[in-house]
Structures are given as C-alpha cells and as structure tokens.
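Peer 1: give me coordinates for this.
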Amino acid sequence: MSERLKGNILVTGANRGIGLALVQQLGETPGEEGHIYACCRDPQGPGAQALRDLSTQCPGKITVVKLDVSDVDSISSAVQTVSRIIGAGGLNLLINNAAINRPETPAPLSACGKTDMMEAYETNVVGPFLLVKMLLPLLQKAAAMDDTVKGNTMSCSRSAIVNISTLISSIEKCPETFPIAQMYPYRTSKAALNMLTRCLAEDFRRHNILVAAVHPGWVRTAMGGGRGFSDPPGQCGGGTQYPDVTQQQTLWDAPGLAGQHNPLVAVTMTTTVKKMDSHLKSTCIL
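Peer 2: Next comes the predicted model:
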C-alpha cells in the first residue's frame with residue numbers, strides 16, 4: 001500500500017479473519033510509523049497462534065492485549081493496559097471488529113432465542129459502546145495534538161473510530177438480503193451498531209474525532225463461512241482498491257464485492273479508512 005496509517009491503532013477480534021488481516025496489513029508498515037494493539041479474548045490460546053506469530057514477525061510494532069468485549073472488567077483492564085503503554089501519545093484509530101453470530105450458523109426465527117439475541121447485542125453493540133466510552137480520553141488526546149495546525153480537520157491518522165458493520169444490517173436493503181441469510185440476532189445487533197456509529201459521529205464531531213461504519217463484504221472467515229470468493233491474507237493476491245467516497249455516507253461499502261471474498265480484499269478497508277478522512281458528514285445507510 002502506498003499510503004500508511006500512522007500512530008497508535010487498536011483492533012479488536014484480532015486473532016482471526018478480518019481482524020488478523022487488518023493487523024497483518026498494518027504490521028507491514030515500514031519503519032516506526034505506528035504501533036498496533038491487537039486485542040483478542042485468549043492471547044495465549046491455540047486460536048491466537050497466528051497473531052502471536054505475526055507479533056514475532058513484526059518486532060516492536062504489535063502488542064497483543066487480552067480483551068473480551070462482552071466482559072466489562074476485561075474491557076476496563078485492556079484500556080488500562082493500553083493507556084499505560086501509550087502514555088501521552090493518545091489513540092489515533094480504534095477499529096471495533098470483534099463480533100459474534102448467534103446461532104453460529106444462519107437460522108430462522110424459530111431457531112433463535114433470548115440468549116442468542118442478548119449475546120449478540122452484548123458483543124456486537126454493548127462491547128463497542130463501552131470500549132469507545134473508556135477510550136475516549138485517549139482519542140481526545142490524539143485529536144488535540146497539533147490542533148493549531150490541523151484545526152477542525154478529521155482524519156484516521158488524527159483520531160478515528162471505525163466500526164465493522166455489514167450491509168445486511170441495512171433496513172433499506174433488507175428485502176434483497178434477507179433471503180440469503182435470516183440471522184435475526186446478527187442483523188439487528190449490527191443495525192444497532194450503525195445507530196451507535198451515527199450517534200457517536202454527531203457527538204464526537206466537536207472533538208474532531210472521525211466515526212464511521214464499514215461494510216467489508218461477505219468474507220470467507222470462520223464466521224462468514226467457506227463458500228465464497230476470497231481467502232484469508234496470504235492465500236491470495238490482489239491490489240489495493242479504493243471505493244467511491246461521497247459526503248453523505250456513514251456505512252462505507254467496500255468496492256466491487258459480489259458474493260463472498262477474503263479478508264485480504266476486505267482489509268482494503270485500511271485504504272478505505274484513509275480515503276474517508278474528513279468526508280464523513282452525515283447518515284448511515286438504513
């Protein structure tokens with residue numbers, strides 16, 4: 001990638017799929033331009049082996065942090081850890097990627113219960129809400145740096161929050177996406193995440209903090225399934241793509257994604273994010 005995100009970046013759900021691909025792409029940044037805080041529930045478990053390997057391959061650039069976004073104590077502990085390491089530097093970019101689907105495979109209404117709905121909301125909505133709330137001082141600190149030079153300009157290299165959403169959370173698009181996968185808890189929780197994104201965008205504009213939701217497409221991951229057109233990073237090639245950016249979007253759609261694809265394609269979101277900069281002005285796709 002010709003452009004590079006700089007500063008302190010925190011990614012949740014970083015041990016697999018899109019999160020791991022994001023950390024890999026960001027970790028390939030040459031020099032000491034940025035530091036990545038890669039968060040996952042069990043950093044020492046077998047499911048985080050690829051992330052640990054990546055951290056070893058990028059010495060000094062990746063810090064693996066234990067974080068369960070469904071647990072308020074875990075969120076608080078992770079924020080304290082990151083705050084202690086960052087110090088006066090502030091947090092430039094928060095990527096809320098961690099998410100779950102309940103039931104784990106797409107299911108009709110008859111197969112969904114209260115527990116499924118509550119677990120999906122706890123991880124997909126409440127987790128990002130609490131993490132943003134606790135990290136706000138660090139985001140504000142980053143936004144305030146060089147304030148006299150940057151003025152009211154918002155950008156992802158200054159201070160930003162990116163929530164990984166999905167097109168199937170769109171109320172407008174529901175008639176065409178519902179037959180593909182009903183997924184009541186996942187769809188509704190991501191729709192709530194879109195509204196959270198919209199509220200944060202309005203609230204944090206005064207702090208010069210950019211807030212956006214990104215639709216990465218249908219990605220071939222453990223949660224997305226294996227029937228698609230893309231594979232995890234390192235398993236396929238492909239150049240960086242830029243989406244069309246308009247000023248009237250909050251749910252940014254990755255370009256040219258027909259059917260399922262892989263995290264390597266999805267993480268052209270890193271360039272999507274850079275392309276956004278100060279363009280984010282108003283509404284979600286609803």
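Peer 1: rest of the way, CA atoms for contacts and neighbours
Peer 2: Fine.
Peer 1: what's the pLDDT at Met1?
Peer 2: The model reports Met1 with a pLDDT of 33.
Peer 1: need the contact list for the residue in the chain sticking out farthest from the centre.
Peer 2: Outermost residue of the chain with respect to the C-alpha centroid, by C-alpha atoms, centre = their mean, is Ser110; its distance is 30.4 Å. Contact criterion C-alpha atoms under 8 Å, 6 or more residues apart in numbering gives no residues in contact with Ser110.
Peer 1: pretty sure it is in a strand, no?
Peer 2: No. Membership of Ser110 in a strand is not supported by DSSP: H, G, I helix; E, B strand; the rest coil, which gives helix.
Peer 1: so what's Gly34 up against?
Peer 2: By C-alpha under 8 Å, 6+ apart, the neighbours of Gly34 are Leu5, Lys6, Gly7, Asn8, Ile9, Lys61.
Peer 1: how about the helix or strand containing Ile85: buried residues?
Peer 2: For Ile85, the host element (DSSP states H and E) is helix 72-86. Buried residues in helix 72-86, counted by 16 or more other C-alpha atoms under 10 Å: Ile75, Ser76, Ala78, Val79, Val82, Ser83.
Peer 1: same for it, what does it pack against?
Peer 2: For helix 72-86, the packing partners by 3 or more C-alpha pairs under 8 Å, 6 or more residues apart in numbering; DSSP states H and E come out as strand 62-66, helix 127-144.
Peer 1: next structured bit after it?
Peer 2: Next along from helix 72-86, by DSSP H and E: strand 93-96.
Peer 1: next, the angle from the next helix-or-strand element following that next one to helix 127-144.
Peer 2: The helix or strand immediately downstream of strand 93-96 is helix 114-121, counting by DSSP H and E. Angle of helix 114-121 versus helix 127-144, following axes from the mean of the first three to the mean of the last three C-alpha atoms, to 10 degrees, is 10 degrees.
Peer 1: pLDDT on helix 114-121, on average?
Peer 2: Rounded mean pLDDT across helix 114-121 is 97.
Peer 1: and if you look at stretch 192-205?
Peer 2: 95.
Peer 1: tell me which residues in that stretch are buried?
Peer 2: Across stretch 192-205, burial judged by 16+ other C-alpha under 10 Å covers Ala192, Leu193, Asn194, Met195, Leu196, Thr197, Arg198, Leu200, Ala201, Glu202, Phe204, Arg205.
Peer 1: wait, the second one touches Thr123, no?
Peer 2: No. Taking contacts as C-alpha atoms under 8 Å, Leu193 lies outside contact range of Thr123: 10.5 Å.
Peer 1: following the chain onward from the lengthiest helix in the chain, which element is next?
Peer 2: Scanning the chain for the helix with the most residues, using DSSP state H, yields helix 184-204. Moving toward the C-terminus from helix 184-204, the next helix or strand (DSSP H and E) is strand 210-215.
Peer 1: and the residue nearest to Pro106 when sequence neighbours are not counted, how many residues sit next to it?
Peer 2: Excluding the flanking residues, the one nearest Pro106 by C-alpha to C-alpha, 6 or more residues apart in numbering is Met183, at 5.1 Å. Other residues within reach of Met183, judged by other C-alpha atoms under 10 Å, total 21.
Peer 1: now do Ala160
Peer 2: 28.
Peer 1: once you drop chain neighbours, what's closest to it?
Peer 2: Leu210 (4.4 Å).
Peer 1: any idea how many residues pack against the one you found?
Peer 2: Neighbours around Leu210, by other C-alpha under 10 Å: 31.
Peer 1: ditto for the one 5 residues further on
Peer 2: Neighbouring residues of His215 were enumerated by other C-alpha under 10 Å; the total is 20.
Peer 1: circling back to that earlier point, so the residue nearest to Pro106 touches Pro108, yeah?
Peer 2: Yes. Between Met183 and Pro108 there is a contact at 6.9 Å, judged by C-alpha under 8 Å.
Peer 1: separation between Leu22 and Ala120?
Peer 2: Applying C-alpha to C-alpha, to the nearest Å, one obtains 22 Å for the distance of Leu22 from Ala120.
Peer 1: now do Cys156
Peer 2: The value you get for Cys156 to Ala120, if C-alpha to C-alpha is used, is 28 Å.
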